[in-house]
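Q: predicted structure and sequence below. I'll ask about it afterward.
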Amino acid sequence: MKILIIGAGGTIGKQVAVALKEHEVITVGRNTGTIKADISEDDAVERLFKQVPDIDAVICVAGDSNTDNLSAITKAQFMVGIEQKLWPQINLVLSGMKYLNDNGSFTLISGKMGDLPIRGSSGKAFVNGAINSFVKAAAQEMPRGIRLNAISPGKVLDIDSNALVAAYLICLETDINGEIVNVGYQKN
Ligand SMILES: NC(=O)c1ccc[n+]([C@@H]2O[C@H](COP(=O)([O-])OP(=O)(O)OC[C@H]3O[C@@H](n4cnc5c(N)ncnc54)[C@H](OP(=O)(O)O)[C@@H]3O)[C@@H](O)[C@H]2O)c1
């Protein structure tokens with residue numbers, strides 16, 4: 001498979017990229033990776049898909065969001081999650097579904113706080129919940145057999161690398177569509 005990994009230089013991305021090395025992996029980041037692109041810029045996403053033809057799978061492991069106490073969190077902090085994690089991933093799907101090969105797949109990233117939020121996590125939780133809802137809805141309208149799923153990890157430093165990679169393999173290699181694959185929820 002030809003697999004585009006956005007955020008391959010990060011904590012999650014490094015583990016996933018190494019595990020997929022038998023595939024043709026193309027790494028993307030703002031400052032790291034084979035291709036430099038900032039997926040929070042709509043034009044950059046469209047350029048990326050034009051630049052890299054014949055993609056079978058897109059894995060996104062990039063995107064920031066903020067945490068703060070509810071009484072202190074600002075609009076600007078909430079907007080980081082929308083502009084850096086939610087919209088870029090939605091836009092990856094909207095743009096990429098025109099270019100991805102038949103029967104390809106998108107695997108987005110959300111996070112445990114979307115399902116099991118703790119105090120101070122609202123700026124993260126709402127983004128993760130929105131990503132999960134987007135995946136469940138949009139997966140029903142993917143063209144040409146393309147599948148759309150998300151990985152929702154707990155704290156990655158507490159997750160066994162094999163379990164993390166296994167979650168990605170489920171999204172890449174099985175026929176699941178519209179699923180949120182939880183990994184590491186049992187740890188705090
Ligand atoms: N780590 C955890 O415990 C955990 C748990 C649950 C969910 N998550 C979610 O998983 C995702 C990745 O987490 P992580 O800990 O692996 O993050 P990380 O270590 O900060 O890595 C993020 C990677 O994404 C790239 N990136 C960030 N913004 C980008 C953009 N706008 N365009 C292109 N590339 C971009 C960065 O490279 P450049 O700097 O070169 O752009 C970096 O390689 C985040 O959305 C996070 O919320 C993480």
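A: Cool, got the structure.
Q: for the rest of this, base every contact and every neighbour count on C-alpha atoms.
A: Fine.
Q: I'd guess residue 67 is in a helix, am I close?
A: No. Counting by DSSP: H, G, I helix; E, B strand; the rest coil, residue 67 is located in no helix; its state is coil.
Q: that one - how many residues pack around it?
A: The tally of other residues near residue 67 (other Cα atoms under 10 Å) stands at 17.
Q: can you pull the contacts of it?
A: Contacts for residue 67 (Cα atoms under 8 Å, 6 or more residues apart in numbering) come out as 73, 77, 120, 121, 122, 123, 124.
Q: show me which residues of the chain sit near the ligand.
A: 6-13, 29-32, 37-40, 61-64, 84, 109-111, 153-157 (Cα under 6 Å from any ligand atom).
Q: any of those residues buried? List them.
A: 6-9, 12-13, 29, 37-40, 61-63, 84, 109-111, 153-154, 156 (16 or more other Cα atoms under 10 Å).
Q: from those, which land in strands?
A: Among these, the residues falling in strands (DSSP state E) are 6, 29, 109, 153.
Q: so the last one makes contact with residue 186?
A: Right, the one you point to is residue 153. No. Residue 153 is beyond contact range of residue 186, at 10.3 Å (criterion: Cα atoms under 8 Å).
Q: so where do the strands sit in this protein?
A: Using DSSP E, the strands of the chain run over 2-6, 24-29, 35-36, 57-60, 105-109, 147-153, 180-183.
Q: same list (the ones you listed) but as CSV, adding mean pLDDT.
A: Below are the strands of the chain laid out as CSV (pLDDT from 0 to 100):
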stretch, mean pLDDT
strand 2-6, 98
strand 24-29, 98
strand 35-36, 98
strand 57-60, 99
strand 105-109, 99
strand 147-153, 99
strand 180-183, 98
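Q: just to revisit the earlier point, for the contacts of residue 67, which one is nearest residue 131?
A: Closest approach to residue 131 among the contacts of residue 67 (Cα to Cα): residue 124, at 10.9 Å.
Q: please name the residues that touch that closest one.
A: Contacts of residue 124 by Cα under 8 Å, 6+ apart are 65, 66, 67, 81, 113, 114.
Q: do that again at 6 Å, thanks
A: By Cα atoms under 6 Å, 6 or more residues apart in numbering, the residues touching residue 124 are 65, 66.
Q: repeat that for residue 35.
A: By Cα under 6 Å, 6+ apart, the neighbours of residue 35 are residue 28.
Q: switch the cut-off to 7 Å
A: Shown in contact with residue 35 (Cα atoms under 7 Å, 6 or more residues apart in numbering): 27, 28, 29.
Q: for the biggest helix by length in the chain, list the C-alpha coordinates in PDB.
A: In the chain, with assignment by DSSP state H, the single longest helix is helix 122-138. What follows is helix 122-138 as a C-alpha-only set of coordinates in PDB (Å, rounded to 0.1, in the frame of the first residue of the first chain):
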ATOM      1  CA  SER A 122     -13.400  20.500  27.700                       C
ATOM      2  CA  GLY A 123     -11.100  22.100  25.100                       C
ATOM      3  CA  LYS A 124      -9.900  18.600  24.100                       C
ATOM      4  CA  ALA A 125     -13.100  16.700  24.700                       C
ATOM      5  CA  PHE A 126     -15.300  18.700  22.300                       C
ATOM      6  CA  VAL A 127     -12.900  18.300  19.500                       C
ATOM      7  CA  ASN A 128     -12.400  14.600  19.900                       C
ATOM      8  CA  GLY A 129     -16.200  14.100  20.200                       C
ATOM      9  CA  ALA A 130     -16.700  16.100  17.000                       C
ATOM     10  CA  ILE A 131     -14.100  14.100  15.100                       C
ATOM     11  CA  ASN A 132     -15.800  10.800  16.200                       C
ATOM     12  CA  SER A 133     -19.200  12.100  15.100                       C
ATOM     13  CA  PHE A 134     -17.900  13.300  11.800                       C
ATOM     14  CA  VAL A 135     -16.300   9.900  11.200                       C
ATOM     15  CA  LYS A 136     -19.500   8.000  12.000                       C
ATOM     16  CA  ALA A 137     -21.600  10.200   9.700                       C
ATOM     17  CA  ALA A 138     -19.200  10.900   6.800                       C
END
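Q: perfect, that will be all.
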